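Participant: Let me see the structure of the following:
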Amino acid sequence: MKKKNNNAQRQCISVILRVAAPLLVIVTWYYAVTGGKINQALLPSPQRVFETLVTMLQDGKLAEGLLVSAKRVLIGFSIGAALGLVIGTFMGLSKYINSFLGSIVGILRPIPMIAWMPLLILWFGIAEKSKYVVIAIGTFWSVLLNT
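Facilitator: Numbering: from 1, shown residues only. So this is what the prediction gives:
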């Protein structure tokens with residue numbers, strides 16, 4: 001009987017802590033903004049964020065934005081995963097291809113995504129293509145290495 005009570009207490013405390021942490025962040029954020037410690041132009045209050053969320057839900061802009069983002073993720077992920085799977089498979093099956101591409105992979109893989117941004121903007125502009133490529137690059141390395 002005691003073990004069940006201890007487990008129930010632990011679970012209750014765990015739930016309280018998991019809820020308390022985000023609430024503490026939101027309350028601190030609220031008082032920092034309303035107290036003038038943080039400029040509202042840089043970080044609006046939680047109340048303003050919630051009001052904007054409600055407005056975007058009502059006028060349909062949130063759903064529209066989510067669909068556009070989902071399309072970008074699906075296209076970028078598909079391209080990156082397909083390339084990573086094909087190249088990773090060939091590298092895994094052939095030691096010659098692995099030797100040939102291994103040094104290129106070793107050089108390009110550690111480059112952070114933020115470092116790619118100026119080149120991607122130059123090559124693809126700021127339109128949809130560059131957004132697909134960013135997602136594809138991020139996906140490519142994970143799929144390539146895991147393949």
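
Participant: Report the secondary structure state of residue 39.
Facilitator: coil (DSSP: H, G, I helix; E, B strand; the rest coil).

Participant: That one: how many residues sit nearby?
Facilitator: Close neighbours of residue 39, defined as other Cβ atoms under 10 Å, add up to 9. No exception for glycine: its C-beta is placed from N, CA and C like everyone else's.

Participant: What of residue 116?
Facilitator: By other Cβ under 10 Å, the residues close to residue 116 number 17.

Participant: do the same with the one 5 residues further on
Facilitator: Residue 121 is surrounded by 12 other residues when neighbours are defined as other Cβ under 10 Å.

Participant: what's the helix or strand for it?
Facilitator: Using DSSP states H and E, residue 121 maps to helix 113-124.

Participant: what's the answer for residue 68, then?
Facilitator: Per DSSP H and E: residue 68 is located in helix 61-93.

Participant: Off-centre distance for that helix?
Facilitator: 13 Å (Cα atoms, centre = their mean, to the nearest Å).
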